[in-house]
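Trainee: what follows is a predicted protein model with its sequence.
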Amino acid sequence: MTPALRSDRPYFPALLTVVLAVAAAGAQPASPTRPHHPDIPYQSPTSLGAASYAKILCSAIFVSGREVDEARQNSAGFLMPAPDRTEAVTVHIDREKKRVDASVKGATRTAAFYGDQGCVIHPEGKDGVSFTPTPVRTTLPDAATQPWPMGDAPPAAPWPAGLDRARMQAAVDLAFADPAGLTAAMVVVHKGQIVGERYMAGITKDTQLESWSMGKSLTATLIGLEIQRGSFKLDDPAPVPAWRRPGDARGAIRVRDVMQMSSGLSFTGQDDRHLDPTTQYHDHFFIYAGAVNAFAYATSSPVEFAPGVVGRYRNSDPMTLGFLVRQFVEARGEDYLTHPQRALFDKLGIRRQVLEPDPWGNFLLSGYDYGTARNWARLGMLYVQDGVWQGQRMLPEGFARFVSTPAPAWKRKEYGGQFWVNGEGQWNLPRDAYFMSGAGGQHVFIVPSHDLVVVRMGHQRGAPAGTKTLNQSLAALVAAVDASRTGSPAAPRAVQAASMRPGQGDRRFAGNWRLVSFVNIDEKGVPTPSRYTSGRIMYDAAGQMAAQLSFTGRPALSAPATEPERAAAYGSFLSYYGGYTVDDASGKVTHFVEGSTNPNWPGTDLIRYFEFVDSGNTLKLSIRNATGRTTGTLVWARIA
């Protein structure tokens, strides 16, 4: 027998990137109850934090196979309330029974491993769960016997023509450039082939990694399967039985509204500043930590806004979608816990994906899901192929377009249908890109115009640094793919390999910047607006940078796009990446271009004259010709 492991030394979780709401001055009086769910017994934020800590650590150990101390440092404290983030956490790990107890300020909670259902939090006062654990088995042969993507054997198809292997690997390596980013895995797929792949030490292609809210996009996929088989339509009223009663205020909510996170259900979240974190724990995280029937909790919530009017990120909506999937699966007499494997995963070559439920057996795919980077790449391929897999249509025609189209109820063009979209240009990718996204920097980017899928996975604590290096990597990947296109000459290999100089970062520049204006200035000093009207530039403190610029009204691309469409669209798009250095004496910042969509730029230096205004939140970059005359000015605003 393996003895139980007790960690009695105090452990202080580091401050993580997602911070729970704090009480604001003049805030509403705090109530410890959950006003919309008076039937739910009160649980203190400290108890809920302990429950989440036990679950995340349990999954890290028994699902992902991570080391205890590493998981405690880098992941386990994510959902703890802000006041408890510096409190000592004591854990007891029983490897024989596969359970974890976590204690914080006298509150002790338990999570246990239930085989193919992963780890589940036990409700307060109960040592067990209310569902029967069920083995999940694939019908596929050993992955080593089938070529990618149905297996892991090398594919029969050749390497994509014109694509530089060394350049692709260098682009992937950028995502791992800062060890503080805790990047665990990266897989790049172009034209159906794996063209880039790398893992952190101790992680392999078979490691089930924390995926968090990428599971929302998986839920959307299961909804797509139901629509394809005729269970309901996007514009049908959501078929939640309680909502269909005469006079129910939720009766107007459509499936479309729920998919677009605009159901209008009353559900508190991280942006509800009136909550007191010492006594209250918002609904968005409560469904993870509360060990309640999450589907019933979400679908019994009342209406706060009219449907389709207010877009906001709330777990009520993916939980409602999950309820619909379970309702229709069980109505057909099918087993719910094995349904995703049968209906989706086996068809895509995914042999194991750990989907964790609440104690009532409802999948918590808003965040409790674990998969390999290759698994997520396969799911991304399903979407880059417009819902068709090896000649078979799995998702309804137009479904990929729907999930990747900005939702009208959202103020910013950043969310679609359980997928995020690159409508604001926040990533160094074309605007047609959309993506699955989860806490801690989990991403699956889908770029139809480039037939490209990029998966990046990492550990929670590294998200800020990991995001910066990922954005650099994305710019380099796009540049490499663009250079491989027919008629787009790549930069000379010797220049690409040898001319890159290490940058010297500057903390004044470090961060993400949004293009405010770009004007060209003629010989008479007359300014004219540039055709480039939107863009992003990113500098990190280590001396790396990446930039992209694009035209307004860039031609829309069909999926898949034709070569003439691509040529028209990418004549209006510019990206480049490399190092940078700052010379205060001359007021210059020099960009050392390693890769670019402009084939003439790699190996060159772009010199810009800089000026910071607005307390360092606005950056002006001037372009000068050989005579010193200013020929253009770009104004950038820091993105908070």
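Mentor: Looks like it arrived, so ask away.
Trainee: and for Thr108, the neighbour number?
Mentor: Counted with other CB atoms under 10 Å, residues neighbouring Thr108 total 16. Any C-beta I mention is one placed from the backbone N, CA and C, and that applies to glycine too.
Trainee: which residues sit against whatever helix or strand it lives in?
Mentor: In this structure, Thr108 is located in strand 107-113 according to DSSP states H and E. Here strand 107-113 makes contact (CB atoms under 8 Å, 6 or more residues apart in numbering) with 44, 46-47, 49-51, 53-55, 57-59, 62-63, 97-102, 119-122, 124, 127.
Trainee: and the next helix or strand past that strand?
Mentor: strand 119-121.
Trainee: buried residues in the helix or strand following that following strand?
Mentor: Going down the chain from strand 119-121, the next helix or strand is helix 165-174, by DSSP H and E. Counting neighbours by 16 or more other CB atoms under 10 Å, one finds that the buried residues in helix 165-174 are 167-168, 170-172, 174.
Trainee: out of the residues you listed, flag the one nearest to Ala343.
Mentor: Val172 (32.2 Å; CB to CB).
Trainee: helix, strand, or coil at the nearest residue to the closest one once chain neighbours are set aside?
Mentor: Distances taken as CB to CB, 6 or more residues apart in numbering place Gly196 nearest to Val172, at 4.0 Å, with adjacent residues excluded. Secondary structure for Gly196, judged by DSSP: H, G, I helix; E, B strand; the rest coil, is strand.
Trainee: state the mean pLDDT of stretch 233-248.
Mentor: The predicted model gives stretch 233-248 an average pLDDT of 97.
Trainee: if you could redo that for stretch 199-207, that was the one I meant.
Mentor: 96.
Trainee: now for that stretch, what's the gap between its first and last residues?
Mentor: Its first and final residues considered, stretch 199-207 spans 10 Å by CA to CA, to the nearest Å.
Trainee: renumber starting at 864 from here on
Mentor: Got it, the first residue is 864 from now on, which makes the last one we talked about stretch 1062-1070.
Trainee: distance from the chain centre to it, please.
Mentor: Relative to the centre of its chain, stretch 1062-1070 is centred 19 Å away, using CA atoms, centre = their mean, to the nearest Å.
Trainee: kindly report the same for stretch 1000-1016.
Mentor: Worked out by CA atoms, centre = their mean, stretch 1000-1016 lies 26 Å from the chain centre.
Trainee: CA atoms only for that stretch, dumped as PDB, please.
Mentor: C-alpha atoms of stretch 1000-1016 as PDB (Å, rounded to 0.1, in the frame of the first residue of the first chain):
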ATOM      1  CA  ARG A1000     -13.700   3.400 -23.400                       C
ATOM      2  CA  THR A1001     -12.700   4.300 -26.900                       C
ATOM      3  CA  THR A1002     -13.500   2.000 -29.800                       C
ATOM      4  CA  LEU A1003     -10.300   3.100 -31.700                       C
ATOM      5  CA  PRO A1004      -7.200   1.000 -32.100                       C
ATOM      6  CA  ASP A1005      -3.900   1.900 -30.600                       C
ATOM      7  CA  ALA A1006      -2.900   5.500 -31.600                       C
ATOM      8  CA  ALA A1007       0.500   4.300 -32.800                       C
ATOM      9  CA  THR A1008      -1.200   2.100 -35.500                       C
ATOM     10  CA  GLN A1009      -3.000   5.000 -37.200                       C
ATOM     11  CA  PRO A1010      -1.500   8.100 -38.900                       C
ATOM     12  CA  TRP A1011      -2.400  11.600 -37.800                       C
ATOM     13  CA  PRO A1012      -5.000  12.900 -37.300                       C
ATOM     14  CA  MET A1013      -6.900   9.700 -36.400                       C
ATOM     15  CA  GLY A1014      -3.800   8.400 -34.600                       C
ATOM     16  CA  ASP A1015      -0.300   9.500 -33.700                       C
ATOM     17  CA  ALA A1016       1.700   7.700 -36.300                       C
END
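Trainee: where in the stretch 1214-1363 of the chain is pLDDT low?
Mentor: 1349-1363 (pLDDT under 70).
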